[in-house]
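1. Below: sequence and its predicted model.
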Amino acid sequence: MTNDNLVFRVFTSLRNSCFGSDEFQAYTATYSWLSNQMAHTTMGFFLAIAIGRSGAAGNKAPEVPGAASPPAGWRKWFRPVHRLWTQHPWLRYSLPFLIPACKLPFDYIFTTLSSKNFPIDWLDFWHDKFTDLTFWYLGMLFAQVLFVRAVHPNPIEPIRVGAPTADTHNCSTGLGAVRILVRRGCEFLTRFVSCLWAIVAFLPERLFPHRRWLSVFALITAIGLGVRHYEWWTEQKGTFDRSDLPSGWVRLSHFRTDRVFSPEGLSEDEQADQNKARTRMQEQTLLFFNHTASGGPVVHCVIRGSWPVNRSALATALGAEFAVRRKAVYYFTANKLMEGPDELSRWKRFARDPHDPLAYCPFTPRAVVIDDLPKTFPAPAPDQPIPVKNEEDDPYNEKINSQRIFNWFFDNRDRVSTIWVLSCEEPKAIRWLEIIQNYACFNERDKANPQGTDKTRSERVIDIDLGPAIQSRPINRAFDQ
């Protein structure tokens with residue numbers, strides 16, 4: 001039974017990622033994401049300090065009373081910066097926020113150039129960029145509040161965050177100290193975002209009489225959105241962690257079909273045939289991808305041909321499309337299922353109520369990848385499922401376990417998309433394709449065509465052929481950048 005409390009889930013995620021040792025457990029997608037965002041926060045923190053304090057090096061008098069003055073040799077280099085901050089104090093706070101934003105056009109160009117064969121999900125791209133900038137800016141805000149003296153562009157309402165006040169000398173009693181602490185805390189909150197407060201100060205007081213509370217409202221809203229944003233990303237990364245997808249996966253948009261269908265050593269006629277096969281493969285893959293992205297009717301696909309590393313890379317890329325949309329996907333190898341078909345119900349370990357498999361929860365499988373289905377795999381009943389029972393005296397009976405796998409496939413064919421990767425030559429692969437189509441389309445009510453028409457079979461089970469694996473050609477890793 002899981003706890004639905006948001007604060008509890010955030011705390012649990014942080015606890016599991018912050019404590020322990022990296023030497024005794026594998027890196028998870030959640031841990032990697034949190035480490036990446038912590039790096040963004042740290043870079044923003046030190047960048048804001050470097051820019052904010054650069055003007056102080058050109059000032060003869062220290063910004064903070066009692067602090068040491070910068071060496072005379074340094075001041076002449078930083079005097080232009082000090083004059084710039086004095087004339088345009090708003091630029092001192094805005095410049096750190098503009099620097100990481102300048103990286104966005106280069107990210108856009110690089111992503112566009114890296115994707116040549118399949119469409120890019122630009123919504124995910126901008127969502128990721130927004131998240132990165134959020135953590136950059138979080139580090140900058142903390143740096144500006146803690147280490148950069150606030151200079152307000154409006155001399156009527158200067159910001160004095162952390163500056164000593166007259167009340168500091170009147171805290172002889174404990175109650176007075178608490179009163180001062182509360183007052184300073186309120187001032188810190190209302191003026192936390194120096195850059196935001198500088199903008200708010202330019203609003204006419206006659207039209208916005210509560211300008212200070214506007215910054216408080218913006219701060220609370222940003223914290224709330226940040227927590228929800230954090231939960232969204234950690235839930236997505238948790239989908240990858242539970243899926244057992246192989247490491248080194250890429251999104252479908254970065255899958256390189258030009259490396260799967262390499263023209264090296266081929267004649268012009270062979271290259272023409274190969275281009276047709278490549279176009280056909282891309283069309284079939286896009287057909288399955290569109291069903292995945294749009295949430296349409298459940299379809300299945302069979303991947304065959306080419307080298308094993310390319311087949312597995314494409315299957316993993318398709319599985320990743322489910323995971324990035326936070327749809328539970330699980331990866332298995334055929335040999336693993338041969339020894340334990342019950343692994344297909346692995347998701348029940350994470351479910352709120354594992355005794356009720358029909359109850360919807362985020363861990364209910366929406367896609368299953370079955371990799372490396374060999375030609376030696378015992379074939380089930382060719383036309384329809386047959387009931388089997390688990391014989392306790394022989395739990396590793398290959399024929400029975402094979403039938404149990406396809407019985408599960410038949411029972412879940414309208415709820416779970418399956419991705420089958422065939423590791424066998426064409427005659428046996430065609431036979432496996434026919435069996436999978438029979439199970440996906442079987443309808444005992446249709447007396448004329450119980451296995452479905454050719455059109456129905458091709459639409460329900462998409463055949464993705466990667467072409468022959470030429471022995472003289474070196475293996476090309478389709479997922480290398």
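-> That came in fine, so what should we check first? Residues are numbered from 1 along each chain as shown.

2. Buried residues in stretch 409-418, which are they?
-> Neighbour-count burial for stretch 409-418, counted by 16 or more other CB atoms under 10 Å, picks out Phe409, Phe410, Arg413, Val416, Ser417, Thr418. C-beta coordinates here come from the backbone N, C-alpha and C atoms, glycine included.

3. So what touches that stretch?
-> Contact partners of stretch 409-418, identified using CB atoms under 8 Å, 6 or more residues apart in numbering, comprise 291-292, 298-301, 322, 365-370, 384-385, 436, 439-440, 442.

4. Quick check: end-to-end length of it?
-> When the termini of stretch 409-418 are compared using CA to CA, to the nearest Å, they are 8 Å apart.

5. does Glu264 sit in a helix, a strand or a coil?
-> Secondary structure for Glu264, judged by DSSP: H, G, I helix; E, B strand; the rest coil, is coil.

6. wouldn't Ala381 be in contact with Ile405 here?
-> No. With contacts counted by CB atoms under 8 Å, Ala381 stays clear of Ile405, the gap being 11.9 Å.

7. Looking at these two, which one has more neighbours?
-> Taking neighbours as other CB atoms under 10 Å, Ala381 and Ile405 compare with Ile405 leading, 22 against 15.

8. And that one, how far from Asn449?
-> Note on Ile405: its distance to Asn449, by CB to CB, to the nearest Å, is 25 Å.

9. again, but for Val329
-> 32 Å.

10. Phe240 now?
-> Per CB to CB, Phe240 is found 40 Å from Asn449.

11. ok, now Pro341?
-> 29 Å.

12. Among the two, which residue is more densely surrounded?
-> Between Pro341 and Asn449, counted using other CB under 10 Å, Pro341 has the larger neighbour count: 22 against 12.

13. tell me which strands and helices the biggest helix by length in the chain is in contact with?
-> Counting residues, the longest helix found in the chain (DSSP state H) is helix 211-243. Applying 3 or more CB pairs under 8 Å, 6 or more residues apart in numbering; DSSP states H and E, one finds that helix 211-243 makes contact with helix 6-18, helix 29-54, helix 122-147, helix 174-190, helix 194-200, helix 308-324, strand 329-333.

14. Following element in sequence after that helix, please.
-> For helix 211-243, the following helix or strand on the C-terminal side (DSSP states H and E) is helix 257-260.

15. any weak-confidence spans in the stretch 1-150 of the chain?
-> 1-10, 13-14, 16-17, 20-24, 55-78, 82, 89-90, 145, 147-150 (pLDDT under 70).

16. Apply 80 and report the result again.
-> Low-confidence segments of the stretch 1-150 of the chain (pLDDT under 80): 1-26, 52-94, 116, 141-150.

17. now do the stretch 151-300 of the chain
-> Judged by pLDDT under 80, the stretches of the stretch 151-300 of the chain that qualify are 151-229, 248, 262-266, 270, 292-296.

18. one step back: widest-spaced pair of the buried residues of stretch 409-418?
-> Phe410 and Ser417 (14.3 Å; CB to CB).

19. Spell out which residues make up each domain of this structure.
-> The record's domain parsing of the chain by automatic domain parsing lists 6-232, 244-465.

20. where's Asp121 relative to Thr234, distance?
-> The value you get for Asp121 to Thr234, if CB to CB is used, is 20 Å.

21. Oh, that last question was meant for Arg460, not what I typed.
-> 35 Å.

22. Repeat that for Ile464.
-> Distance of Ile464 to Thr234, given as CB to CB: 32 Å.

23. who's more crowded, the two?
-> Relative neighbour count places Ile464 above the other of Ile464 and Thr234, with 24 against 21, counting by other CB under 10 Å.

24. Next, the more buried one: secondary structure please.
-> strand.

25. and it, what does it touch?
-> Contacts were defined as CB under 8 Å, 6+ apart; by that measure Ile464 touches Met281, Gln284, Thr285, Phe288, Cys301, Val302, Ile303, Arg304, Leu314.

26. what pairs with it across the strands?
-> Beta-bridge pairing for Ile464 (DSSP bridges): Ile303.

27. so Trp85 is in which element?
-> Going by DSSP H and E, Trp85 is in helix 72-87.

28. what angle separates the very next helix or strand once past that helix from helix 29-54?
-> Beyond helix 72-87 on the C-terminal side, the first helix or strand identified by DSSP H and E is helix 89-101. Computed by axes from the mean of the first three to the mean of the last three CA atoms, to 10 degrees, the angle separating helix 89-101 from helix 29-54 equals 150 degrees.

29. which other helices and strands contact helix 89-101?
-> helix 29-54, helix 72-87, helix 122-147, helix 194-200.

30. try 7 Å this time
-> helix 29-54, helix 122-147, helix 194-200 (3 or more CB pairs under 7 Å, 6 or more residues apart in numbering; DSSP states H and E).

31. what residue ranges in the stretch 351-481 of the chain score low on pLDDT?
-> 351-362, 382-396, 443-454, 468-481.

32. doesn't Cys441 make contact with Thr456?
-> Yes. Shown here, Thr456 and Cys441 form a contact pair, counting by CB atoms under 7 Å, at 5.6 Å.
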